[in-house]
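1. Fold the stuff below for me.
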Amino acid sequence: MNQDSQVILPLDDFAQRVSIEALPVIEAATLPILRFNNDRPKIDRTTVFIRIEDEHFLLTCAHKLEKRLKENVPLAISLGYREEPFVLLKDEVFYGTESDTRDVAAIRLAVETVQRLTAASKIPVEVADVLRGEPRPGLFLIFGHPQEWFSFGPGELKHPALPFLATLIRPSNGLIADLEIDEAYGMPFRSELHGLFTMSSQGIRVRDRISVPLPDYQGMKGLSGCGVWRLCDDNYDAMRNWNVARCKLAAIEHRYDPSNKFVHTSWIGVALGRIVDEFPHLTPAILGP
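-> Numbers count the residues shown, from 1 in each chain. The predicted model follows:
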């Protein structure tokens, strides 16, 4: 059985409901970060916009972020509007770590930045939209902004989003054949921190909801830091009874392995833990009752 066949494709009705009910919500909270070289932008990574009490953050991966900051590379959140194409990240505070096998970062947003994002119809994820407890196998949706689809020119800044399906691999379920899990993951794998997914070879073009091939490895760059959303269990009854309340943010992507079609992630609890490290007063809101 090939890896693509491990993804159980949903029923037409299920796919339609996900497209109508879940994709707009996820897209409103999924923001590309641009980096600038000689005033020309390029997608650096994807982030998830989240609100915790009165604080707002971007959750993303940490790799190369510290390097960008040390080199004073301008970073901005793209809004995609001709009149106001982006918001520079100039008053934000960055909290990242690539130590202890944690490749996650939280960016605390300034009040003015939040106001500009919400004015542009960007809507943050709430803590209630985050998966709690041990992630279970099921049907997941990965949603980010690939470099392949980015275009920049006079009066134009476009970056269509790319959603695609994935299923969670457990080290003991035999899907990775003879590969050792550490080798497959590219770093010491800890199941309490990391999720490893196998993915479909097809994505969904958001604007018209048609199936399209995924870009090549270089084109997929830009998805780093994007959200991984658990939709439901991968069986007929779960898809038939699905509703958008079951869609939960489960992980943050940090690596794409094209040779094995693996997506490497950190569980959302790891990313939120980075916020708790710096903002302990938010612990009750994050952990819940």
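2. What segments of the stretch 151-289 of the chain are strands?
-> Along the stretch 151-289 of the chain, the segments classed as strands by DSSP state E, counting those that start in this stretch run 151-153, 156-158, 162-169, 194-205, 210-213, 227-232, 248-257, 262-267.
3. Output the ones you listed in JSON lines; the columns should cover distance to Thr118, mean neighbour count and mean pLDDT.
-> Glycine gets a C-beta too; all of them are placed from N, C-alpha and C. What follows is those, written out as JSON lines (distance: least, Cβ to Cβ, whole Å; neighbours: other Cβ atoms under 10 Å; pLDDT from 0 to 100):
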{"stretch": "strand 151-153", "distance to Thr118": "25", "mean neighbour count": "10", "mean pLDDT": "75"}
{"stretch": "strand 156-158", "distance to Thr118": "19", "mean neighbour count": "14", "mean pLDDT": "74"}
{"stretch": "strand 162-169", "distance to Thr118": "23", "mean neighbour count": "23", "mean pLDDT": "84"}
{"stretch": "strand 194-205", "distance to Thr118": "26", "mean neighbour count": "20", "mean pLDDT": "78"}
{"stretch": "strand 210-213", "distance to Thr118": "30", "mean neighbour count": "11", "mean pLDDT": "73"}
{"stretch": "strand 227-232", "distance to Thr118": "19", "mean neighbour count": "24", "mean pLDDT": "94"}
{"stretch": "strand 248-257", "distance to Thr118": "19", "mean neighbour count": "23", "mean pLDDT": "90"}
{"stretch": "strand 262-267", "distance to Thr118": "27", "mean neighbour count": "25", "mean pLDDT": "87"}
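4. What separation do you get for the nearest residue to Thr283 once chain neighbours are set aside and Leu214?
-> Using Cβ to Cβ, 6 or more residues apart in numbering and skipping residues adjacent in sequence, the residue nearest Thr283 is Val276, 5.3 Å away. For Val276, the distance to Leu214 under the criterion Cβ to Cβ, to the nearest Å works out to 34 Å.
5. before we move on, what about Leu31?
-> Relative to Leu214, Leu31 is positioned 21 Å away (criterion: Cβ to Cβ).
6. which one of these two has more residues nearby?
-> Remark: of Leu31 and Leu214, Leu31 carries more neighbours, 26 against 20, as counted by other Cβ atoms under 10 Å.
7. Partner strands of the helix or strand hosting that one and their direction?
-> Secondary-structure element containing Leu31, defined by DSSP states H and E: strand 30-37. According to DSSP bridges, the neighbouring strands of strand 30-37, each with its direction, are strand 40-52 (antiparallel), strand 75-78 (antiparallel).
8. What's the first helix or strand after the first one?
-> Spelled out, that is strand 40-52. strand 55-60.
9. could you give the mean pLDDT of the helix or strand following that following strand?
-> Using DSSP H and E, the helix or strand that directly follows strand 55-60 along the chain is helix 65-70. Helix 65-70 carries an average pLDDT of 88.
10. mind listing what's buried in helix 65-70?
-> 65, 68 (16 or more other Cβ atoms under 10 Å).
11. Save the strands of the stretch 151-289 of the chain as CSV, and put in distance to Leu58 too.
-> Formatted as CSV, the entries for the strands of the stretch 151-289 of the chain read as follows, by distance: least, Cβ to Cβ, whole Å:
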stretch, distance to Leu58
strand 151-153, 21
strand 156-158, 19
strand 162-169, 19
strand 194-205, 20
strand 210-213, 27
strand 227-232, 11
strand 248-257, 11
strand 262-267, 15
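12. With His281 as the reference, name the closest of these.
-> Each of the strands of the stretch 151-289 of the chain was scored for nearness to His281 using Cβ to Cβ, and the closest is strand 248-257 (21.8 Å).
13. by how many degrees do that closest one and strand 262-267 diverge?
-> Going by axes from the mean of the first three to the mean of the last three Cα atoms, to 10 degrees, strand 248-257 is angled at 140 degrees with respect to strand 262-267.
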